[in-house]
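Visitor: Everything below, folded, please.
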Amino acid sequence: MYRPILALLLVGGVASPAAAQTADQLKLEDFLEYEQVRDFFRGGGPTISPDGQQVLYTRIAVDKMADQWKGALWLMNADGAKNRWIADAWSGRWSPDGTRIAYAKAGEPSGSQIFVRYMDAEGSTTQVTRLSAGPGALAWSPDGKWIAFTMRVPSKPAMAAVVPGKPVGASWAPEPKVVDRLDYRQDHVGYSDDGYTHIFVVPATGGTARQLTSGDWDHGAPAWTPDGKEILFSTLRVADADYQWRETEIYGVNLTSGVIRQLTHRKGPDFGPAVSPDGRQVAYLGYDWTDDTYIASKLYVMGIDGSNPREISGSLDRSPDNITWAPDGSGIYFGADHEGRGDLYFAPVTGTGPRQITKGDHHLAFMGLAKTGTAVGIRGTPTDPGNVVAIDTKTGQIRQLTDVNGDVLGNRTLGSTEEIWYRSLDDYRIQGWIVKPPGFDPKKKYPLILAIHGGPHGMYSISTGYMWFEWQFYANQGYVVLYTNPRGSSGYGSAFGNAIKNAYPSKDFNDLMAGVDSLINRGYIDTRNMYVYGCSGGGVLTAWAIGHTDRFAAASSECPVINWLSFVGTTDGPGWYRNFAKLPWEDPTEHLKRSPLMYVGNVKTPTILITGEMDLRTPIAQTEEYYQALKIQKVPTVMVRLQDEWHGYFSRPSNTMRTLAIRQQWFEKYRKGDAPVP
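Guide: Predicted structure coming up:
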């Protein structure tokens, strides 16, 4: 029972005194066969050919030997037939005529390069670049002759020290990193002070890439005008751009002259341009500047010259995503999250307001549109973590095209998922979901795991990718899992998201505990054995919870923020300074009041801490600070430092599995009473 926390067997499931696992039980090692059709970090998703006949998508699986996620491009007919592998790459882009696809993968002389594959019977492939850095955001020109992309360009170091006297053949320390930018590093990337992202074009047949933008600014993804004469993008090309919080504009660069013009001029962010098929209008996203911690983006349309900008998202208080013009230019299709779901919408350019096209108990992410009007996306449900689907934009009918996990889940018994709504502080209605063990009996008592999402402006959905496996795994181990969207979550409107302004994490905590109480009132929760965990913002709330209640038998605070005073200046970006009424040197009161560290004297709950050593979002020093504080208070605690891991625990598949196993082992270690171990 009280075995060492790290004595775990990842193959064969979690070491546990429970009864032997049954053949139909979801096991931890099943994660090694688990696949995704959209990558959490790289993004991307399925794309449909211009004629609507074929779908290109990425299957992401575990490379067991390399301990990495491996992406592979697959191609299938629009009805899901003739499903086959194309290339080992992460995402592909159709040429405008559908005769070729472009993608990036490892090439010569080194690193990631752009390749073009001809979609005829021969299927020949050509490497078209020889770049010194990896390309991103590939975009075909309308005539198919060029491919635009973004790439990082080194900048001149702020300082360089030439040290004399180095003997020939001596082995000295590497040159120091000299940093002079405000925003100088990013999680999952590393130090970014060595250059800026610019837009390039290269002939689609291969050749020398030509840089279109310059200057000390990072430039966004390219969007071509239909005549192929200009590329639009978002950035902020002003002095001290790093200091302009929530400020971006939309620009265009002429391919012939290199002249850059500015299309938007309002205070607030404007981004994500998409040019209409006739080249006369530009759709884009943004909002008027505000210091609210959360606001839903709005959908706008303006003339190609920047004239007559107008909002067309109407009363929809949700953030549009992946805006795509209808082939006839009548409006814009987009995806949007709402109340734990995701669906496809259409907004006419007339400004009469968007209409919802798809509906259902699913999370549907819209990805692309053919000239025929058929759309593709990724849909997850309580019983399916995510598959490629085709969508009829006229009827909203959805047709599933893949079953990437059918071989893993087909003979597994899954827990059922129930949606709940409950009342909390200030009479807020909060949404959540209960994942119940297979064979659930409401007359029995079950241990409870409360899972808390990060962000804090994130949203758990009815089916949430990697988390789907996590919760089903715990349900198969005999736990009831509760996950909720407390105030501050996205998908519920700007007011709900901003309700934690200058209050996070205190009010969120009330929402979470109200959810726990709503389950206790159902009579099937063993209140002696309730557990809580979360990563990032969920790690913050876990640490906050145990400083304000001792109702949990054990906790796992993962990649947390513990001390806002030390966090705001060490995270990967200066934006968190703006989440407090005053700067810490002006008045640190609010930072201290909202820091879990200030309540560590109240903690009695055995707490494990799990963080990646490479984490730049919530640096591991935050975890170390809490570990020492818990130790000095003699609270049972263990610190787990994930190796080769950024923020979270998903970069390395083995780290995902270790986290799930270690977390459960900790909960079992502190099981109370004579209740059977799940």
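
Visitor: Make sure D242 is indeed in a strand.
Guide: No: D242 is assigned helix when assessed by DSSP: H, G, I helix; E, B strand; the rest coil, not a strand.

Visitor: That one against S192, yeah?
Guide: No: D242 is not in contact with S192 according to C-beta atoms under 8 Å; the separation is 11.1 Å. Where you see a C-beta, it was placed from the backbone N, CA and C, and this is true even at glycine.

Visitor: shared neighbours, those two?
Guide: Common contacts of D242 and S192 (C-beta atoms under 8 Å, 6 or more residues apart in numbering): 181, 183.

Visitor: how far does the longest helix seen in the chain sit from the chain's center?
Guide: Ranked by number of residues, the top helix in the chain under DSSP state H is helix 653-669. Relative to the centre of its chain, helix 653-669 is centred 22 Å away, using C-alpha atoms, centre = their mean, to the nearest Å.

Visitor: packing partners for that helix?
Guide: With contacts taken as 3 or more C-beta pairs under 8 Å, 6 or more residues apart in numbering; DSSP states H and E, helix 653-669 sits against helix 465-476, strand 554-558, strand 607-612, strand 637-642.

Visitor: can you tell me the average pLDDT over that helix?
Guide: What helix 653-669 shows for mean pLDDT is 97.

Visitor: Next one: S461 from F469, what distance?
Guide: As judged by C-beta to C-beta, to the nearest Å, S461 and F469 stand 14 Å apart.

Visitor: the more surrounded of those two?
Guide: S461 (25 against 22; other C-beta atoms under 10 Å).

Visitor: hang on, the more buried one packs against G380?
Guide: Yes: with contact defined as C-beta under 8 Å, S461 reaches G380; the gap is 7.2 Å.

Visitor: give me the low-pLDDT residue ranges for the stretch 201-350 of the chain?
Guide: Along the stretch 201-350 of the chain, no part satisfies pLDDT under 70.

Visitor: circling back: could I get the helices and strands packed on helix 653-669 as TSV with mean pLDDT and distance to R318?
Guide: Converted to TSV, the helices and strands packed on helix 653-669 look like this (pLDDT from 0 to 100; distance: least, C-beta to C-beta, whole Å):
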stretch	mean pLDDT	distance to R318
helix 465-476	90	20
strand 554-558	98	29
strand 607-612	98	32
strand 637-642	98	34
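
Visitor: Which among the ones you listed is found nearest to L414?
Guide: Comparing the helices and strands packed on helix 653-669 by their distance to L414 (C-beta to C-beta), the top pick is helix 465-476, with 5.6 Å.

Visitor: Identify the contacts common to S461 and G380.
Guide: Common neighbours of S461 and G380 are listed as H363 (criterion: C-beta under 8 Å, 6+ apart).

Visitor: Report whether D407 is found in a strand, as I expect.
Guide: No: D407: not assigned to a strand; according to three-state DSSP it is helix.

Visitor: Can you verify my assumption that it contacts E33?
Guide: Yes: under the criterion of C-beta under 8 Å, D407 makes contact with E33 at 7.2 Å.

Visitor: Report the angle between the longest helix of the chain and strand 637-642.
Guide: 170 degrees (axes from the mean of the first three to the mean of the last three C-alpha atoms, to 10 degrees).

Visitor: what's the angle between helix 653-669 and strand 607-612?
Guide: Helix 653-669 runs at 180 degrees relative to strand 607-612, counting by the same axes, to 10 degrees.

Visitor: Can I get helix 653-669 as PDB, trimmed to CA atoms?
Guide: Extracted in PDB, the C-alpha atoms of helix 653-669 (Å, rounded to 0.1, in the frame of the first residue of the first chain):
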ATOM      1  CA  PRO A 653       4.700  10.200 -24.700                       C
ATOM      2  CA  SER A 654       6.600   8.500 -21.800                       C
ATOM      3  CA  ASN A 655       6.200  11.600 -19.700                       C
ATOM      4  CA  THR A 656       2.500  11.600 -20.300                       C
ATOM      5  CA  MET A 657       2.300   8.000 -19.100                       C
ATOM      6  CA  ARG A 658       4.600   8.600 -16.200                       C
ATOM      7  CA  THR A 659       2.500  11.500 -15.000                       C
ATOM      8  CA  LEU A 660      -0.700   9.500 -15.100                       C
ATOM      9  CA  ALA A 661       0.900   6.600 -13.300                       C
ATOM     10  CA  ILE A 662       2.700   8.700 -10.600                       C
ATOM     11  CA  ARG A 663      -0.400  10.800 -10.000                       C
ATOM     12  CA  GLN A 664      -2.600   7.700  -9.400                       C
ATOM     13  CA  GLN A 665       0.100   6.100  -7.300                       C
ATOM     14  CA  TRP A 666       0.100   9.100  -5.000                       C
ATOM     15  CA  PHE A 667      -3.700   9.100  -4.700                       C
ATOM     16  CA  GLU A 668      -3.600   5.400  -3.800                       C
ATOM     17  CA  LYS A 669      -0.900   5.900  -1.300                       C
END
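
Visitor: can you pull the contacts of V55?
Guide: Counting by C-beta under 8 Å, 6+ apart, V55 touches 46-49, 75-78, 376, 388, 390, 401.
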